[in-house]
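Peer 1: sequence unknown, structure follows:
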């Protein structure tokens, strides 16, 4: 079994793809039985679509690949702590565990501001682990925003 | 200015479209300056996509129509209280106000279980009003689930 860092590096690669087209650099991959089944990066600006976060795009790709809205047993690796929309989508897709890199104090909906994955009242619960390659994940974002200013 | 009930009836029409294809009957419309700019209904099963809730599909259509991920000033009318994913998408799309029909005690993320639209820590806040044509909105759902059993 590969370590979380192995897959997080793939998510970071996706984040760099976002950066290369001027998007806020956030990337995600979905893994099932050790195999990456979907990769995506944030495209909110270029797609003119408020829902085009890396996590949502990755979930849509994985659902399409499996032909099922249920991603039972799948894991997500994402460079930034998911927002409420994405945490909700993770629950709706029945993802088993989420590994994220940087913490997002304001809009983070896994551990920081909301704890949506752990709610007992939703139809599903997911595990989570934060801080995977945290420095690298957050430095991509910091660099992007400092160059924007 | 038209009353919320006027637009909720259009959302209910969408819910009936979902029902007609065997989907959980939930419908949504997005209104800008009094005009419906997007209509959608739940397609989770038929699209094999965990993100295909009525609200997400309506937001995607509205973004496409306006060519912008920001739906500033827009209102959403939806037959059921949005879940965390959809409430998060409403915030991400900067929708101004959400009118919903039936309350959803377990997964409702506007007033019932979470209050995501009113959070001061997210980048945007939205207004909300629940219980618009509540009886009709919830009876469509009750009928659907009782026939399923």
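Peer 2: Arrived safely, thanks for sending. Just so we're clear, the structure is a prediction, and the values are computed from it rather than from any experiment.
Peer 1: all contacts plus neighbour counts: C-alpha atoms, from now on.
Peer 2: OK.
Peer 1: which residues sit in contact with the residue lying closest to residue A:67 once chain neighbours are set aside?
Peer 2: What sits nearest to residue A:67 in space, not counting adjacent residues and going by Cα to Cα, 6 or more residues apart in numbering or on different chains, is residue B:48, at 5.7 Å. Applying Cα atoms under 8 Å, 6 or more residues apart in numbering or on different chains to residue B:48 gives the contacts A:63-64, A:67-69.
Peer 1: From the residues you listed, list just the buried residues.
Peer 2: Neighbour-count burial (16 or more other Cα atoms under 10 Å in any protein chain shown) applied to those gives A:63-64, A:68-69.
Peer 1: Greatest separation within these: which pair is it?
Peer 2: Largest separation among those by Cα to Cα: A:64 and A:69, giving 8.1 Å.
Peer 1: Identify the contacts common to the two.
Peer 2: In contact with both residue A:64 and residue A:69: B:48-49, using Cα under 8 Å, 6+ apart.
Peer 1: which bits of chain A sit near chain B?
Peer 2: Within chain A, the residues that sit near chain B (Cα under 8 Å from any Cα of the partner chain) are A:44-45, A:48-51, A:56, A:59-60, A:63-64, A:67-70, A:83-89, A:92-93, A:106-107, A:113, A:116, A:121-123.
Peer 1: ok, now with 6 Å
Peer 2: Those residues of chain A that sit near chain B, judged by Cα under 6 Å from any Cα of the partner chain, are A:48-50, A:63, A:67-69, A:84-85, A:88-89, A:92-93, A:106-107, A:121-122.
Peer 1: all strands for chain A, in order.
Peer 2: In chain A, the strands defined using DSSP state E lie at A:27-32, A:35-41, A:75-80, A:97-102, A:127-129.
Peer 1: sorry, back to before: pLDDT value on the residue nearest to residue A:67, please?
Peer 2: pLDDT, residue B:48: 97.
Peer 1: Phi and psi next, for it.
Peer 2: The phi and psi torsions at residue B:48 (degrees, to the nearest 10) take the values phi 50, psi 50.
Peer 1: Just say which of the strands of chain A is most tucked in.
Peer 2: Of all the strands of chain A, strand A:75-80 has the most neighbours on average by mean count of other Cα atoms under 10 Å in any protein chain shown, namely a mean of 31.
Peer 1: now the angle from that one to strand A:27-32?
Peer 2: Orientation check (axes from the mean of the first three to the mean of the last three Cα atoms, to 10 degrees): strand A:75-80 against strand A:27-32 gives 170 degrees.
Peer 1: Contacts for strand A:75-80 next, please.
Peer 2: A:8, A:11, A:26-31, A:96-102, A:137 (Cα atoms under 6 Å, 6 or more residues apart in numbering or on different chains).
Peer 1: how about those, which pair is most distant?
Peer 2: So, the contacts of strand A:75-80 by Cα to Cα: farthest apart are A:96 and A:137, at 22.0 Å.
Peer 1: Between these two, which is the more surrounded one?
Peer 2: Legend: neighbour count by other Cα atoms under 10 Å in any protein chain shown for residue A:96 and residue A:137, higher for residue A:137 (26 against 20).
Peer 1: Can you tell me how far the more buried one is from residue A:13?
Peer 2: Relative to residue A:13, residue A:137 is positioned 10 Å away (Cα to Cα, to the nearest Å).
Peer 1: The nearest residue to residue A:92 once chain neighbours are set aside: what's it in contact with?
Peer 2: In this structure, residue A:92 finds its nearest non-sequential neighbour in residue B:50, 5.8 Å apart by Cα to Cα, 6+ apart. Applying Cα under 6 Å, 6+ apart to residue B:50 gives the contacts A:69, A:92-93, B:44.
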